[in-house]
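J.: Sequence and predicted structure below; questions after.
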Amino acid sequence: MSNKKYIIGNWKNHPDSLAEAEGILDSISEYLDSRRNFIHSLVVCPPFVFLEEIDKIFQSSSLGKKAQLGAQDIALSDSGAWTGEVSGHMLKRLGVRYVIVGHSERRWKLGETDDVVNKKIKTALANEFAPIVCVGERERYESYKDFLKQQLADTFAGLSDNEKGKCLVAYEPVWAISSNPGAKADTPESALESIAIIKEALGNVPVLYGGSVNSSNVESFISQDQIAGVLVGGASVNKEEFVKILSLV
Ligand code: PEP
């Protein structure tokens, strides 16, 4: 595949140990060392607790030249009395370049509103991260396109074109996310309809697809000109499957 794409692994609350995390990275590293023409932007988003060690691994190995580090969330505030939060300032020192904002698991399971997501995008930009902003409808009901338009308007409210241009947007229909009951990937054709809505609302921002991406379907998404890459959840912590995905892009 010749066009440069984003391949982003969202590890969520996995794996259980640093040793397992290192095992995933070893597999990725071994594969990338064996492949000369890997032109894509690979971003790994582990849980906060592994960021420091993974940054050290990146800095001391060839992986640091081939992959970048992302965080799965960012605190609204850069410091202060916010129990449990991790600020942009802290993430910056750990070599983080990207921050996932507004993932559906934070929106729907943890009650993050469009307004909170909007503020987090601004915080991420103020800290010079590239926000990976997740959007997408919860169910494929009749008026889901109206829902998406409203979600985009609220999530990106008050952002200038320049600020929007610094974001990556991940279209992730919630019903397609592999951990949800009955989930199956969207079709590229249908994802492209939503991506057209996103580009109409935000301009020509890079839009990724996410939701049950695996080695059987990654090529069908990544081969679309309008799809700038994939955000991979479950399959990104399965080292064999993730390496297979990398081998197909
Ligand atoms: C995600 O969590 O962002 C995701 C797309 O998950 P999965 O690939 O497991 O559907």
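T.: Good, I have the coordinates. Computed from a predicted structure; not experimentally measured.

J.: Double-check Leu18 against Leu51; I have them as touching.
T.: No - with contact taken as CB atoms under 8 Å, Leu18 and Leu51 are classed as non-touching, separated by 11.0 Å. The C-beta positions use only the backbone N, C-alpha and C, and glycine is treated the same way.

J.: neighbour-wise, which of the two wins?
T.: For Leu18 against Leu51, the residue with the higher neighbour count under other CB atoms under 10 Å is Leu51, and the figures read 23 against 14.

J.: Tell me which other helices or strands the helix or strand hosting that one touches.
T.: Under the criterion DSSP states H and E, the helix or strand holding Leu51 is helix 48-60. Packing contacts for helix 48-60, counted by 3 or more CB pairs under 8 Å, 6 or more residues apart in numbering; DSSP states H and E, involve helix 18-34, helix 63-66, strand 67-71.

J.: can you tell me which of these comes nearest to Leu231?
T.: Nearest to Leu231 among those is strand 67-71 (10.0 Å), distances taken as CB to CB.

J.: and the closest one, anywhere near the ligand?
T.: No - contact of strand 67-71 with the ligand is not found when judged by CB under 6 Å from any ligand atom; the minimum separation is 11.5 Å.

J.: C-terminal to that strand, what's the next element?
T.: With elements assigned by DSSP H and E, the helix or strand that comes after strand 67-71 is helix 88-93.

J.: Quote the end-to-end distance of stretch 60-71.
T.: With CA to CA, to the nearest Å as the measure, the ends of stretch 60-71 fall 20 Å from one another.

J.: Enumerate the positions of it that are buried.
T.: Neighbour counts using 16 or more other CB atoms under 10 Å place Leu63, Gly64, Lys66, Ala67, Gln68, Leu69, Gly70, Ala71 of stretch 60-71 among the buried residues.

J.: Which residue does this protein have closest to the ligand?
T.: Using CB to the nearest ligand atom, the closest approach of the chain to the ligand is made by Gly233 at 2.1 Å.

J.: one step back: now find how far off-centre the helix holding Leu51 is within its chain.
T.: The chain centroid and the centroid of helix 48-60 are separated by 18 Å under CA atoms, centre = their mean, to the nearest Å.

J.: for stretch 74-90, same thing?
T.: Remark: stretch 74-90 is offset 20 Å from the chain centroid, using CA atoms, centre = their mean.

J.: one step back: spit out the contact partners of the residue of the chain closest to the ligand.
T.: Asn10, Lys12, Ile177, Ser178, Ser179, Gly210, Val213 (CB atoms under 8 Å, 6 or more residues apart in numbering).

J.: what about 10 Å?
T.: Counting by CB atoms under 10 Å, 6 or more residues apart in numbering, Gly233 touches 8-12, 14, 45, 103, 105, 172, 177-179, 210-213.

J.: Output the below-cut-off pLDDT ranges for this protein.
T.: Confidence mapping of the chain against pLDDT under 70 gives the ranges 1-2.

J.: how about the helices in it?
T.: In the chain, helices defined by DSSP state H lie at 18-34, 48-60, 63-66, 88-93, 104, 114-126, 144-155, 161-164, 188-202, 218-222, 239-247, listed in chain order.

J.: So Ile177 is in contact with Glu137, correct?
T.: No - contact status for Ile177 versus Glu137: not in contact, 11.7 Å apart, counting by CB atoms under 10 Å.

J.: between the two, what contacts are shared?
T.: What both Ile177 and Glu137 touch, as defined by CB under 10 Å, 6+ apart, is the set Ser104.

J.: thinking again about what came up before, dump the buried residues of stretch 60-71 to TSV, plus distance to Glu112.
T.: As requested, the buried residues of stretch 60-71 are exported to TSV (distance: CB to CB, whole Å):
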residue	distance to Glu112
Leu63	31
Gly64	31
Lys66	32
Ala67	27
Gln68	24
Leu69	22
Gly70	18
Ala71	15
